[in-house]
Structure formats: structure tokens, C-alpha cells
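In: need the 3D shape of this:
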Amino acid sequence: MIIYQEQQKTYFILILVFIIMAFFILASLFFPSFLGLKDLSNIGQIILGLAAAVDLVLFWCFRQLTILADDVSLNFGFGFMKKRFFWHNLKSAQAEDFDLKNYLGYGIRVGRDKSIAFAAQGGRGVRLKTIGKDYFFSCSNPEKLASLINEKIKS
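Out: Residues are numbered from 1 along each chain as shown. Just a heads-up that it's a prediction; the model follows:
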């Protein structure tokens, strides 16, 4: 049974970066003279095609952060880059502010404190202490989610 579910959209400006990159990559691939480039070799076309594909996959992945808590586990992540924790592997959870100085950006980031952040937006989120590492993920209602997580850990 699902006890908490949320999908948090990433800031539009961050998504716009992926779109602009895809535009320039595809323009370089199909219209190299438009950007002042000479015709590309077959290898160059393959490399740019792969770069465009990777950019579009990353765009799809990072468009939203998904959080799902059920009777068995807590899951959060972007696209296919997700983390899953069974309740018995968690120590505690607490609501706190996202520290941009610690993580130096959004997305999946390793902080200076060695924690791993899954941040779609600034604001508040949940710091999760596990048996191995600490994690932070942004969410819309961190106080409620941290309380639910701590209840599930104790039960």
C-alpha cells in the first residue's frame, strides 16, 4: 500500500539547458554550415547523434523527481536513476533546508559533507540517514514525509 507519493518538477531553467544543448547538437548534425562548420565526417555525425541521444535521455530523466513510500520501502530518484531503501536499512529522517553551498547545484549531487542529494528544486527536503550513507532529497512536504519515515522505521 502506498503511504506517500510525490512528483516534483525540476526548475524550467534547468530543463531549458538540456533543450538548448539538444538544439545546438542537432543543428550541428543536420545543418553544420548554419553554425559555420564544415561538413561532418561519418564518425563526426555518429558522435553528434550519440551526444544528442544522451542529451535527450538526460532531459527525460531529470524533468522530475519521483518519491514513493509504501509498506516495504522508500524510493526516490530521477528517471531510471533511483534509490530504493527497505525500512530496516534506514536510521532516521529529518526535514531541513536544501544547502546549495554544500551541493553546488541541482540534480544528483555529492555534497561536501559526503551526502548524496537528489534535488529537483531548492527549498526544503528530507535528510535520510541510512546504514551506509546520508541522502537528501527535495520534496514539497518534508515535515510530513520525515514523520512518516520515522514512524515506519520504528514499527
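
In: check Phe23 and give its pLDDT.
Out: Phe23 is assigned a predicted lDDT (pLDDT) of 87.

In: kindly apply the preceding question to Asn42 instead.
Out: At Asn42, pLDDT is 82.

In: can you report how many residues neighbour it?
Out: The number of residues packed around Asn42, counting by other Cβ atoms under 10 Å, is 7. For every residue, glycine as well, the C-beta is placed using N, CA and C.

In: so who does the nearest residue to Thr10 once chain neighbours are set aside touch?
Out: With Cβ to Cβ, 6 or more residues apart in numbering as the criterion, Thr10 has its nearest non-adjacent residue at 4.6 Å, and that residue is Ala120. Ala120 sits next to Gln8, Lys9, Thr10, Tyr11, Phe62, Gln64, Leu65, Phe78, Tyr106, Ser138 when contact means Cβ atoms under 8 Å, 6 or more residues apart in numbering.

In: for Lys91, state which of the residues you listed is nearest.
Out: Within the contacts of Ala120, distances to Lys91 taken as Cβ to Cβ reach their minimum at Ser138, with 20.2 Å.

In: domain-wise, how is the protein divided?
Out: What automatic domain parsing lists as the domains of the chain is 9-61, 66-154.

In: save those as a markdown table, and put in distance to Ile2 too.
Out: Shown next, in a markdown table, are these (distance: least, Cβ to Cβ, whole Å):
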| stretch | distance to Ile2 |
| --- | --- |
| domain 9-61 | 20 |
| domain 66-154 | 5 |
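
In: any idea which of those is most buried?
Out: domain 66-154 (a mean of 17; mean count of other Cβ atoms under 10 Å).

In: first to last residue in that one, what's the distance?
Out: Start to finish, the residues bounding domain 66-154 are 24 Å apart (Cα to Cα, to the nearest Å).

In: about what we covered before: quick one: which of the contacts of Ala120 is nearest Val72?
Out: Within these, distances to Val72 taken as Cβ to Cβ reach their minimum at Leu65, with 20.3 Å.

In: and that closest one, what does it touch?
Out: Applying Cβ under 8 Å, 6+ apart as the definition, the contact partners of Leu65 turn out to be Gln7, Gln8, Thr10, Phe76, Gly77, Phe78, Phe118, Ala119, Ala120, Phe137, Ser138, Cys139.

In: cool, Phe137 as well?
Out: Going by Cβ under 8 Å, 6+ apart, Phe137 touches Leu65, Ile67, Phe76, Ala117, Phe118, Ala119, Gly125, Val126, Leu128.
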